[in-house]
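Engineer: predicted model, plus sequence, below.
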Amino acid sequence: PLEKGGDDVIVRKVYHSEIWGLREKKYDWLMENNIKSTNWQKLSPKSEIYLFIPREEKLLKSYEKYPKITEIFPLNGVGMTTARDGFVIDRDKNVLLNRIRLFKNSKYSDDELHSFFQINKKKGWSVRKAWNMLQAIPESDLNKFILPVLYRPFDVQWIFYHDSVVWRTVKKIMSHMMLDNLGLITARSNKSNQMDHFFCTKRIMETKCGESTTQSCLFPLYIYPDMDKKTLFSHVKKSEKRQPNIEPKILSALSETYKERQTPEEFFYYIYAVLYSSIYRTKYAELLRTDFPRIPFTKDYKLFTKMRGYGERLVDLHLLKSKEIDPPLAKFKGKGENRVEKVTYEESKILINPDQYFDGVTEEIWNYQIGGYQVCDKCLKDRKGRILSLDDIRHYCKVVTAIKKTIEIQKKIDNLYPEIEKETIEFKNPKKE
């Protein structure tokens, strides 16, 4: 509604109302009521997102004092989008290479290329233009464009990373992940019921990796300023001039408070531990659902150190390089050809067919989600029809163990988290200085 204020200035006001229940109940209510009889709640939408729904303003006021992850890591962006995953991504590097070679050397017409390689047509992308671009690449160099990619949590595959066939390569961000680096994966929004859109990577990543309902973003820990923007393979040149992708004023504030200088990795580990607090996720669920996370930094250095330690353990677990996953918790049992037929869970067992299963998996581990993906279920269902290799089996057992350890560490983090918000470091907005 519009109201006239002083000097005939139009004052715009926003009101909200909602009703829950079955459709028939809503129809009846609408027939019996009108705009005047409705119980409205006045809203005061604020930047940056101007939500037209009620939210806890008191909680928002304290939460907004914490720096946003986009302020902490200035260089960031969405993950890459292929628009044709089945064509440019594969679990088998050689299968992918042969597919690209076959495409490059094909004499098919445009329609035949779409049909044979099962490539969906997309406005703004030409299969012929892609074919022409590949002709400029010598046959012996095709292999150079095949890189490991984090496709889903714990699921590293191979991608033919080239502008000809990948819809958005996002090289501005991904080029820094081709060298020694560590990246945080999170998202600006989450349409699911669980705020679990947090993961990490040492590789380039696909945009749906860390958030299944919308898309996820990548925040590299380091920036390599000597990267040649014109060349994909700048990573073959050794560069010793990498710089932390961290807002200097935030690092300075921490050093001043703790009287100790934090390494970029220690800084990253603390943030990761905060994001894996179930208390933090639940308390700020409404806010995490609609914007990037904000991070409270405790003034207590001992508390920072403990959280940092838990964060480092989580990162190592999620990169599957932790000693804690050896020996693995789960065991693969039964006789057969290891083919994934139908994935079901029954009393600590994950069956892949009537005769074979992974044993020692609790229901809590089975149901655990990252980025909206039920990890234990998805890892196997994505391999339906395939025969699991010994490496596949070992990898899955490690993932199950990593999740178990993650749950244990999350409980320890939650024992500490309430202390974090008792006294936090206040930061000046870096953008306003």
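Structural biologist: Looks like it arrived, so ask away.
Engineer: what pLDDT, on average, does the helix or strand Ala130 falls within get?
Structural biologist: Secondary structure assignment for Ala130, by DSSP states H and E: helix 127-134. The average of the pLDDT scores along helix 127-134 is 97.
Engineer: in its sheet, what does the next helix or strand after it sit against?
Structural biologist: Later in the chain than helix 127-134, the nearest helix or strand by DSSP H and E is strand 146-152. Here strand 146-152 is paired, per DSSP bridges, with strand 155-160 (antiparallel), strand 204-205 (parallel).
Engineer: make CSV from the ones you listed and add mean pLDDT, distance to Arg101 and mean neighbour count to it.
Structural biologist: Yep, even glycine has a C-beta here, placed from its N, CA and C like the rest. Shown next, in CSV, are those (pLDDT from 0 to 100; distance: least, CB to CB, whole Å; neighbours: other CB atoms under 10 Å):
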stretch, mean pLDDT, distance to Arg101, mean neighbour count
strand 155-160, 98, 10, 21
strand 204-205, 97, 22, 27
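Engineer: nearest to Ile393, of the ones you listed?
Structural biologist: Distance to Ile393, taken as CB to CB, is lowest for strand 155-160 among the strands paired with strand 146-152, at 14.9 Å.
Engineer: ok, and what's touching the helix or strand that the closest one is followed by?
Structural biologist: On the C-terminal side of strand 155-160, the nearest following helix or strand under DSSP H and E is helix 171-174. Contacts to helix 171-174, defined as CB atoms under 8 Å, 6 or more residues apart in numbering, come from residues Leu75, Asn76, Gly77, Met80, Tyr161, Ile204, Leu218, Pro220, Lys229, Leu232.
Engineer: pLDDT on helix 171-174, on average?
Structural biologist: Here helix 171-174 scores 96 as its mean pLDDT.
Engineer: tell me the buried residues in that helix?
Structural biologist: Neighbour-count burial for helix 171-174, counted by 16 or more other CB atoms under 10 Å, picks out Lys171, Ile173, Met174.
Engineer: how about stretch 366-385?
Structural biologist: By 16+ other CB under 10 Å, the buried positions in stretch 366-385 come out as 366, 368-373, 375-380, 382-383.
Engineer: and stretch 323-343, by the same measure?
Structural biologist: Applying 16+ other CB under 10 Å to stretch 323-343 flags Ile325, Pro328, Leu329, Ala330, Phe332, Asn338, Val340, Val343 as buried.
Engineer: need the contact partners of it.
Structural biologist: With CB under 8 Å, 6+ apart as the test, stretch 323-343 has contacts from 313, 316-317, 350-361, 377, 380-381, 383-389, 392-394, 396-398, 400-402, 404-405.
Engineer: first to last residue in that stretch, what's the distance?
Structural biologist: 28 Å (CA to CA, to the nearest Å).
Engineer: circling back to that earlier point, just the buried ones from the contacts of helix 171-174, in PyMOL syntax?
Structural biologist: Of the contacts of helix 171-174, the buried ones can be selected in PyMOL as follows, counting by 16+ other CB under 10 Å:
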select buried, resi 75+76+77+80+161+204+218+220+232
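Engineer: what two of the contacts of helix 171-174 are the furthest from one another?
Structural biologist: Top of the distance list for the contacts of helix 171-174 (CB to CB): Asn76 and Leu232, 20.5 Å.
Engineer: just to revisit the earlier point, return the member of the buried residues of helix 171-174 nearest to Tyr276.
Structural biologist: Nearest to Tyr276 out of the buried residues of helix 171-174 is Ile173 (CB to CB; 23.0 Å).
Engineer: roughly how far apart are the closest one and Pro67?
Structural biologist: Using CB to CB, to the nearest Å, Ile173 is found at 20 Å from Pro67.
Engineer: and whatever helix or strand Cys376 lives in, how far out from the chain's middle?
Structural biologist: Element membership for Cys376 (DSSP H and E) is helix 375-381. Helix 375-381 sits 17 Å away from the centroid of its parent chain (CA atoms, centre = their mean, to the nearest Å).
Engineer: same check, this time on stretch 154-168
Structural biologist: 16 Å.
Engineer: need the distance between the two termini of it.
Structural biologist: By CA to CA, the extent of stretch 154-168 from end to end equals 22 Å.
Engineer: which helices and strands does the helix holding Ala130 pack with?
Structural biologist: When contacts are defined as 3 or more CB pairs under 8 Å, 6 or more residues apart in numbering; DSSP states H and E, helix 127-134 packs onto helix 93-104, helix 110-116.
Engineer: redo that, cut-off 7 Å
Structural biologist: If you count contacts as 3 or more CB pairs under 7 Å, 6 or more residues apart in numbering; DSSP states H and E, helix 127-134 packs onto helix 110-116.
Engineer: how about the helix it packs on: buried residues?
Structural biologist: Neighbour counts over helix 110-116 (16+ other CB under 10 Å) mark Leu113 as buried.
Engineer: distance to Ser115 added to the buried residues of helix 171-174, as TSV?
Structural biologist: Shown next, in TSV, are the buried residues of helix 171-174 (distance: CB to CB, whole Å):
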residue	distance to Ser115
Lys171	30
Ile173	34
Met174	31
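Engineer: brilliant, that's me finished.
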